[in-house]
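Enquirer: here's a sequence, model it:
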Amino acid sequence: MPRILITGCSSGFGQAIAARFLDEGWEVVATMRTPAAEGLPISERLRTLPLDVTQPLSIEAALAEAGPIDALVNNAGVGMLNVLEGTAIDKARELFEINVLGTMAMTQAVMPAMRQRRAGVIVNISSSVTLRPLPALSIYSASKAAVNAFTQSFALEAAEFGVRARLVLPGSAPETSFGKNAVARMGMEPTDPSSKPMSSPGATRPRRRQPWMWQTRCGARSPISTPRCGCPQGPMPRPCSGKRVASRHEARFLKL
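Expert: Prediction:
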């Protein structure tokens, strides 16, 4: 019975991939930072293991417990919705550590056994945001573009030993919590794209926002391409004591 190890199975694509391979008769090793069976099918061929792709010891322990695998799906990753100027570099570094270096570390860890058997498949999950530029996604898109380039070059190396490397660029998945988690990491609160502003008697009807507006609770606004709000950096028209609030325009991209 073939065995597959999938990273990032706590929700979304990871769980969908696990369910698909169980349906196809595979033995599935579903990994996540904190193992939980919630959202995963009940099956004797399913195991859940703890795995942090940024920690070498965690990778080593998970692979040792999983045993020989025929396929690896590098699905673990985090999102980010923010303009470059408003992003702390340590947050960007953390994102690359998970999305890019985590993928590389897992690939490097399984490659010796696959090379020895001259068989195996490694699938890296990227994103369709790399197909065209989008605002507020420059850092996240850069991390996924790095995964694309890495996979394409690595595939040539792996092919010499009978190992296949493949790349998947999924699109929007509204039923996942990926977008919500992306803005949560930046201290933002997404608004519902379908919601309408509440009005009260005597209230002045607000002007229609320009496309791609960035708003904070302090009231500062600016086009997202040239943010002027200093929350949390830069000059402010007045002190801000709140979190960023994603506009309805921005919320359209939270599902990518």
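
Enquirer: isn't T48 right up against V28?
Expert: No: counting by C-beta atoms under 8 Å, T48 stays clear of V28, with 9.3 Å between them. Glycine gets a C-beta too; all of them are placed from N, C-alpha and C.

Enquirer: who has more neighbours, those two?
Expert: Neighbour tally, T48 and V28, criterion other C-beta atoms under 10 Å: the higher count belongs to V28, 26 against 18.

Enquirer: what's near enough to touch that one?
Expert: Counting by C-beta atoms under 8 Å, 6 or more residues apart in numbering, V28 touches 3-4, 6, 18, 21-22, 43, 45-47.

Enquirer: I'd assumed it was in a strand, is it?
Expert: Yes: V28 sits within a strand when classified using DSSP: H, G, I helix; E, B strand; the rest coil.

Enquirer: how near is it to A36?
Expert: V28 is 15 Å from A36, where distance means C-beta to C-beta, to the nearest Å.

Enquirer: what's the answer for M106, then?
Expert: M106 sits at a distance of 20 Å from A36 (criterion: C-beta to C-beta).

Enquirer: okay, these two: which has more neighbours?
Expert: Between M106 and A36, M106 has the larger neighbour count (other C-beta under 10 Å), namely 24 against 13.

Enquirer: which SSE is the more buried one in?
Expert: helix 102-117 (DSSP states H and E).

Enquirer: give the next helix or strand downstream of that helix.
Expert: Counting by DSSP H and E, what follows helix 102-117 is strand 121-125.

Enquirer: on contacts alone, who are the packing partners of the following helix or strand past that following strand?
Expert: Moving toward the C-terminus from strand 121-125, the next helix or strand (DSSP H and E) is helix 138-159. Applying 3 or more C-beta pairs under 8 Å, 6 or more residues apart in numbering; DSSP states H and E, we find helix 138-159 packed against helix 89-96, helix 102-117, strand 121-125, strand 164-168.

Enquirer: what's the mean pLDDT across helix 138-159?
Expert: Averaged across helix 138-159, the pLDDT comes to 98.

Enquirer: enumerate the positions of that helix that are buried.
Expert: Under the neighbour-count criterion of 16 or more other C-beta atoms under 10 Å, helix 138-159 has 138-148, 150-151, 154-155, 158 buried.

Enquirer: where does the stretch 151-256 of the chain dip in pLDDT?
Expert: Low-confidence segments of the stretch 151-256 of the chain, defined by pLDDT under 70: 174-256.

Enquirer: repeat that with 90
Expert: 171-256 (pLDDT under 90).

Enquirer: mind listing what's buried in stretch 73-87?
Expert: Within stretch 73-87, the residues scored as buried using 16+ other C-beta under 10 Å are 73-83, 86-87.

Enquirer: looking at those residues, which one is closest to V123?
Expert: Using C-beta to C-beta, V73 is the member of these that sits closest to V123, with 4.7 Å.

Enquirer: in three-state terms, label that closest one for me.
Expert: Under three-state DSSP, V73 comes out as strand.

Enquirer: so what's it up against?
Expert: Contact partners of V73, counting by C-beta under 8 Å, 6+ apart, are 4-7, 14, 17, 123, 125.

Enquirer: pretty sure A119 sits against A158.
Expert: No: look at A119 against A158 with C-beta under 8 Å: they stay out of range, at 10.9 Å.

Enquirer: surely L81 is within a helix?
Expert: No: counting by three-state DSSP, L81 is not part of a helix but coil.

Enquirer: quick one: it and P135 touch, right?
Expert: No: the pair L81 and P135 fails to qualify as a contact (C-beta under 8 Å) at a distance of 9.7 Å.
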